[in-house]
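Participant: need a structure here:
(2 chains)
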2 protein chains.
Amino acid sequence: MNRKELFHQIQNKKSYLCIGLDTDIQKIPKHLLEEEDPIFAFNQAIINATHDLCVAYKPNLAFYESNGSVGWKSLEKTMAVIPKNCFTIADAKRGDIGNTSSLYAQTFFKHMNFDAVTIAPYMGEDSVSPFLAFDGKWAIVLALTSNAGANDFQLLQLADESKTYLFEKVMQANMRWGTAENMMFVVGATREDQFAHIRTLAPDHFFLVPGVGAQGGDLSAISRKGMNDQCGLLVNSSRQIIYASADKDFALKARAAALIVQQEMEVLLLERKLI
Amino acid sequence: MNRKELFHQIQNKKSYLCIGLDTDIQKIPKHLLEEEDPIFAFNQAIINATHDLCVAYKPNLAFYESNGSVGWKSLEKTMAVIPKNCFTIADAKRGDIGNTSSLYAQTFFKHMNFDAVTIAPYMGEDSVSPFLAFDGKWAIVLALTSNAGANDFQLLQLADESKTYLFEKVMQANMRWGTAENMMFVVGATREDQFAHIRTLAPDHFFLVPGVGAQGGDLSAISRKGMNDQCGLLVNSSRQIIYASADKDFALKARAAALIVQQEMEVLLLERKLI
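Facilitator: Residues are numbered from 1 along each chain as shown, chains lettered A, B, ... in the order given. Next up, the predicted model:
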């Protein structure tokens, strides 16, 4: 899905919500454990109940890999039931030497048909660029993440004249390698104080924003600071939506939780005159 | 496998060779394509032919994931045939927020029973520390990698008094979080000029050293600069060994290629009086 189509979906659904499919066998309703593939059954029900309210789904690979080949099978089946008008993000945080990154890109873009993959940038250009070689596909590069550990390296100041933070340098370098048509950045919602500044660094790029909900980020604050004229934000919520209920009504309750977020987003899109 | 046992294996086998199982369906001998699981059949033959010459095997996850759930199945079967006296490394370059890193750690250490996982450090302490909570298991953290992209961020100088390189800061921070008993560092063999210095930064830690062979690193030079009194090195070779031949004699030729490296290592271990 290219940028124009993504913005069209945002306008159409009046939403820039990304639902994180962090599907944990310990947390899903007990009655699903009787299903042949409980993880897939859960995902399918969540997707059926929410696909008109969100523009993207983001399976977190760790939750599938924790069940090995069986978990990857659940992920493959999940991808097959996500409607074509939803953007799909493999939250995989991959990144390796060139020939290995090429294989990861083929895995997620070709074998699994994801629209985007999250990328850890520590290994530099040849670890990122193989993800930029596919039409309509996206590298979503970690910039400033939502966790406490972001302070350890991402917020180190560099010995250049302007004492740039490492995450700023990461964004600047990546913007030389990719464009606003094939690259997004991860910017945590818990970094609200940095949001307006980060938008000036990358005026046109989409940001994938985790950290709203369970991690405490403020949707309206980061939206007002971070939106651009194509919205430019995909705001992720995982646990708050998919685990809204642990009973048989879990899908309905997930829909209700997603609807609350979508309605808040509709107001924010109207305020910014994007719909 | 703990550090004492690892050093014992090194002394016993007179080798600190790690064989990278970068098993590519395009590169394995054509006659194996008739097997039910060609990737597993190749790995099994390579392991049978080399396990007395190497101390470790390092499957590169990208090569398995590129075949989705089927590839993960090949990896699970491969892990089941690696002898117990071989150290096993999941070359996965994982790293995410705490609860997700915990799941990755469970995946590789519990579900798959690897001894070690390679870790990308960009997200900081809570992305690394979940991998340090398992007895006899190891986080192998990227420090200075073998690829050209290492120059982009790892060799940036920081705005501290001594203008530390980012990779040095990464090593210093990680050495506060882990110990020489549960943490190693990736140091590329192509960084020979930095090897003696990096050994002074982490005198006791094992280094996983890729980049010998196809990438051009010099085994004897990095060994002389990088060894400590428990050897402290696992030197990886992948393509040069496993693709020594594309014919029916591939396993024998892989053994011959591994033997050349083992014999060079034996001389270097003798020189350092470690055997």
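
Participant: how about the helices in chain A?
Facilitator: For chain A, helices defined by DSSP state H occupy the ranges A:3-13, A:38-50, A:61-65, A:68-81, A:98-105, A:125-128, A:150-153, A:166-177, A:192-201, A:219-226, A:239-242, A:250-271.

Participant: Buried residues in the second one, which are they?
Facilitator: By neighbour count with 16 or more other Cβ atoms under 10 Å in any protein chain shown, helix A:38-50 contains the buried residues A:38, A:39, A:40, A:41, A:42, A:43, A:44, A:45, A:46, A:47, A:49, A:50. For glycine as for every other residue, the C-beta is placed from the backbone atoms N, C-alpha and C.

Participant: ok, now stretch A:177-194?
Facilitator: Taking 16+ other Cβ under 10 Å as the basis for neighbour counts, the residues of stretch A:177-194 that come out buried are A:177-178, A:180, A:182-192, A:194.

Participant: what do you get for stretch A:20-34?
Facilitator: Within stretch A:20-34, the residues that count as buried by 16+ other Cβ under 10 Å are A:20, A:21, A:22, A:23, A:24, A:28, A:29, A:32.

Participant: restrict these to those near chain B?
Facilitator: With Cβ under 8 Å from any Cβ of the partner chain as the criterion, the subset of those in contact with chain B comprises residue A:22.

Participant: Which ones among the buried residues of stretch A:177-194 lie within strands?
Facilitator: Assigned to strands by DSSP state E, the following of the buried residues of stretch A:177-194 qualify: A:183, A:184, A:185, A:186, A:187.

Participant: Greatest separation within the residues you listed: which pair is it?
Facilitator: By the measure Cβ to Cβ, those have their two most distant members at A:183 and A:187, which lie 13.0 Å apart.

Participant: With pLDDT and distance to residue B:95 added, can I get the buried residues of helix A:38-50 in a markdown table?
Facilitator: Converted to a markdown table, those look like this (pLDDT from 0 to 100; distance: Cβ to Cβ, whole Å):
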| residue | pLDDT | distance to residue B:95 |
| --- | --- | --- |
| A:38 | 97 | 28 |
| A:39 | 98 | 23 |
| A:40 | 98 | 27 |
| A:41 | 98 | 30 |
| A:42 | 98 | 26 |
| A:43 | 98 | 24 |
| A:44 | 98 | 30 |
| A:45 | 98 | 31 |
| A:46 | 98 | 27 |
| A:47 | 98 | 28 |
| A:49 | 98 | 32 |
| A:50 | 98 | 29 |
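
Participant: Looking at these, which one is closest to residue A:2?
Facilitator: Distances from residue A:2 to the buried residues of helix A:38-50, taken as Cβ to Cβ, are shortest for residue A:47 (22.3 Å).

Participant: Quick one: residues contacting that closest one.
Facilitator: Contacts of residue A:47 were listed using Cβ atoms under 8 Å, 6 or more residues apart in numbering or on different chains, and they are A:57, A:78, A:81, A:82, A:83.

Participant: give the contact list for residue A:31.
Facilitator: The neighbours of residue A:31, taking Cβ under 8 Å, 6+ apart as the test, are residue A:248.

Participant: How many residues are close by the residue of the stretch 151-275 of chain A found nearest chain B?
Facilitator: For the stretch 151-275 of chain A, the residue positioned closest to chain B under Cβ to the nearest Cβ is residue A:152, at a distance of 3.2 Å. Neighbour count for residue A:152, taken as other Cβ atoms under 10 Å in any protein chain shown: 23.

Participant: next one: phi and psi at the nearest residue to it once chain neighbours are set aside?
Facilitator: Nearest in space to residue A:152, with sequence neighbours left out and distances taken as Cβ to Cβ, 6 or more residues apart in numbering or on different chains, is residue B:124 at 3.2 Å. Backbone geometry at residue B:124, expressed as degrees, to the nearest 10, gives phi 80, psi -160.

Participant: from memory residue B:124 sits against residue A:155, does it?
Facilitator: No: when contacts are counted by Cβ atoms under 8 Å, residue B:124 is not listed as touching residue A:155 (9.3 Å).

Participant: Compare these two (neighbour count), which wins?
Facilitator: For residue B:124 and residue A:155, the more surrounded residue by other Cβ under 10 Å is residue B:124, and the numbers stand at 24 against 15.

Participant: In contact with that one, which residues are there?
Facilitator: Counting by Cβ under 8 Å, 6+ apart, residue B:124 makes contact with A:147, A:148, A:149, A:150, A:151, A:152, A:153, A:154, B:173.

Participant: Kindly report the same for residue A:71.
Facilitator: Residues in contact with residue A:71, defined by Cβ under 8 Å, 6+ apart, are A:39, A:63, A:64, A:65, B:72.

Participant: From residue A:153, how far out is the residue of chain A most remote from its centre?
Facilitator: In chain A, the greatest distance from the average C-alpha position (Cα atoms, centre = their mean) is reached by residue A:161, at 33.3 Å. Taking Cβ to Cβ, to the nearest Å as the measure, residue A:161 falls 21 Å from residue A:153.

Participant: Bridged to residue A:60, which residues?
Facilitator: Here residue A:60 shows beta-bridge partners residue A:91, assigned using DSSP bridges.

Participant: wait, residue A:222 sits on residue A:196?
Facilitator: No: using Cβ under 8 Å as the test, residue A:222 is too far from residue A:196 to be in contact (9.7 Å).

Participant: Please say which of these two ends up with more neighbours.
Facilitator: For residue A:222 versus residue A:196, neighbours defined as other Cβ under 10 Å are more numerous around residue A:222 (26 against 12).

Participant: what's the more buried one in contact with, if anything?
Facilitator: Contact analysis of residue A:222 by Cβ under 8 Å, 6+ apart lists A:189, A:192, A:195, A:209, A:212, A:233, A:235.

Participant: so who does the fourth one touch?
Facilitator: To tie it back to what came earlier, the one meant is residue A:209. Residue A:209 makes contact with A:186, A:187, A:188, A:189, A:217, A:222, A:226, A:233, A:234, A:235, A:236 under the criterion Cβ under 8 Å, 6+ apart.

Participant: Lowest-confidence entry in those residues?
Facilitator: The weakest per-residue confidence within those falls on residue A:217 (81).

Participant: Near chain B, which residues of the stretch 101-250 of chain A are found?
Facilitator: Contact residues, the stretch 101-250 of chain A versus chain B (Cβ under 8 Å from any Cβ): A:101, A:103-104, A:106-107, A:111-112, A:120-128, A:142, A:145-154, A:156-160, A:163, A:166, A:169-170, A:173.

Participant: Could you rerun that using 6 Å?
Facilitator: Of all the residues in the stretch 101-250 of chain A, those in contact range of chain B (Cβ under 6 Å from any Cβ of the partner chain) are A:103-104, A:106-107, A:111, A:120, A:122-127, A:142, A:145, A:147-149, A:152-153, A:156-159, A:163, A:173.

Participant: Can you tell me which of these are classed as buried?
Facilitator: Among these, those classed as buried by neighbour count (16+ other Cβ under 10 Å) are A:103-104, A:106-107, A:111, A:120, A:122-127, A:142, A:145, A:147, A:149, A:152-153, A:156, A:158, A:173.

Participant: before we move on, the earlier item: and of the contacts of residue A:47, the nearest to residue A:258?
Facilitator: Nearest to residue A:258 among those is residue A:57, at 11.3 Å by Cβ to Cβ.

Participant: And the pLDDT for the closest one?
Facilitator: The pLDDT attached to residue A:57 in the predicted structure is 98.

Participant: got the contact list for it?
Facilitator: By Cβ atoms under 6 Å, 6 or more residues apart in numbering or on different chains, the contact set of residue A:57 is A:19, A:21, A:82, A:86, A:88.

Participant: which neighbours do residue A:222 and residue A:196 share?
Facilitator: With contacts defined as Cβ under 6 Å, 6+ apart, no residue is shared by residue A:222 and residue A:196.

Participant: Please report the distance of residue A:64 from residue A:24.
Facilitator: 11 Å.

Participant: swap that for residue A:264, please
Facilitator: For residue A:264 relative to residue A:24 (Cβ to Cβ), the value is 26 Å.
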